[in-house]
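Colleague: the sequence and its predicted three-dimensional model are supplied below.
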Amino acid sequence: MAKFKLFSEESNRSPLSRLWKKFKANHPALVGLWVFIALTLLALFAPLISPYSINQQHADALLLPPSWHEVGDVRFILGTDDLGRDILSRLMNGATFTFGLSIIAALITTVLGVIIGSLAGMSKGIRSSFFNHLLDITLSIPSLLLAIIIIAILGPGLLNTVWAIILALLPQYVHSIRNLVVEELGKDYISAFRLDGASKWKILIRGVFPNIYEHIVVIFTMALSTAILDIAALGFLKLGAQPPTTEWGAILAENLSLIYLAPWTVGLPGVLLFIAVLSTNLVGDGLRQVLKDRKAD
């Protein structure tokens, strides 16, 4: 006997489950998500699963090509560099510095950006004008150039690079969060909150944040892809990670002189950078499209 349902299961799905259903229908975004998860796990466990130490040298295996080459060695799947170090192990450990530190930098930027952006969005008068002019000045400077200026003040090094990336990405993040908060504060349901006697912080936490958290995730993915490129660029310019740190940009700079003799030492880090940025952008574009479709509905 057929059962009568007053409400369909689909109409009662939670917002997150509806978001996930639409997101996984976008196959490129779903593939990007799995690659993103794989890179995150690699960044966490690379020191435990890499076959060799990053600085272990093999005197009998200098500049070996990848194992599928006719003169390759199966012991070194992606070949070796001019010092006989296993490229696969160095690239795996490089994910911890390039991809892992980019996630940390993007997360710290998210926390600071949400706090400062919310304060800027809820402020009025002179404080709001001050925030606007300050953001306009900083947003006129590209993030990489701003990071180079900060590195010039703090000095080269991986830790200083992370702080430089955070400070370089923060103005754009604050600007985006501020615009979202201002947009939500102008809606009718916020006016209803105010009429009920809700305080500013209650309006922000219970009214604004539940309606902009998806946008914060999208902004996070955009900041992450920028952080990956900036960390690699600073490492390539020898302003960030210093040898023998296995950051992907530093590996590119270290092996640049071998590009004609051993192109795999330069091409493989570049391919990993491309995959990391592409997967992050695919996830961000997928989330952006889902949010756009939800607004249209």
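Modeller: Cool, the structure landed. Numbers count the residues shown, from 1 in each chain.
Colleague: centroid-nearest residue for this structure?
Modeller: The central residue of the chain, meaning the one whose C-alpha is nearest the mean C-alpha position (Cα atoms, centre = their mean), is Leu224 at 1.7 Å.
Colleague: hang on, that residue packs against Leu101?
Modeller: No: using Cβ atoms under 8 Å, Leu224 makes no contact with Leu101, being 10.9 Å away. C-beta coordinates here come from the backbone N, C-alpha and C atoms, glycine included.
Colleague: now do the same contact list for the residue nearest to the centre of the chain.
Modeller: For Leu224, the contacting residues are 102-103, 106, 280, by Cβ atoms under 8 Å, 6 or more residues apart in numbering.
Colleague: model confidence score at the residue nearest to it when sequence neighbours are not counted, please.
Modeller: Sequence neighbours aside, Ala106 is the residue nearest to Leu224 in space, at 4.2 Å (criterion: Cβ to Cβ, 6 or more residues apart in numbering). What the model reports for Ala106 is a pLDDT of 93.
Colleague: make residue 1 into 459 and carry on from there
Modeller: Got it, the first residue is 459 from now on, which makes the last one we talked about Ala564.
Colleague: tell me the secondary structure at Ala564.
Modeller: Using DSSP: H, G, I helix; E, B strand; the rest coil, the three-state assignment for Ala564 comes out as helix.
Colleague: and the gap between it and Ala626?
Modeller: As judged by Cβ to Cβ, to the nearest Å, Ala564 and Ala626 stand 12 Å apart.
Colleague: ditto for Asp540
Modeller: Distance of Asp540 to Ala626, computed by Cβ to Cβ: 34 Å.
Colleague: between those two, which one's more packed in?
Modeller: Ranked by neighbour count (other Cβ atoms under 10 Å), Asp540 and Ala626 place Ala626 first, with 26 against 14.
Colleague: verify the stated contact: the more buried one with Leu602.
Modeller: Yes: under the contact definition of Cβ under 8 Å, Ala626 touches Leu602, with a separation of 7.4 Å.
Colleague: anything in contact with each of the two?
Modeller: Taking Cβ under 8 Å, 6+ apart as the contact rule, the neighbours common to Ala626 and Leu602 are Asp688.
Colleague: output the helix or strand of the chain with the lowest mean pLDDT as PDB, restricted to C-alpha atoms.
Modeller: Across the helices and strands of the chain, the lowest-confidence element by mean pLDDT, DSSP states H and E is helix 584-597, at a mean of 71. C-alpha atoms of helix 584-597 as PDB (Å, rounded to 0.1, in the frame of the first residue of the first chain):
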ATOM      1  CA  ILE A 584      34.500  58.100  10.500                       C
ATOM      2  CA  ARG A 585      35.500  54.500  11.300                       C
ATOM      3  CA  SER A 586      33.800  53.200   8.200                       C
ATOM      4  CA  SER A 587      35.400  55.900   6.000                       C
ATOM      5  CA  PHE A 588      38.800  55.100   7.500                       C
ATOM      6  CA  PHE A 589      38.400  51.400   6.700                       C
ATOM      7  CA  ASN A 590      37.300  52.200   3.100                       C
ATOM      8  CA  HIS A 591      40.200  54.500   2.300                       C
ATOM      9  CA  LEU A 592      42.700  52.100   3.900                       C
ATOM     10  CA  LEU A 593      41.400  49.200   1.900                       C
ATOM     11  CA  ASP A 594      41.400  51.200  -1.300                       C
ATOM     12  CA  ILE A 595      45.100  52.000  -0.900                       C
ATOM     13  CA  THR A 596      46.100  48.400  -0.100                       C
ATOM     14  CA  LEU A 597      44.000  46.800  -2.800                       C
END
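Colleague: alright, calling it a day.
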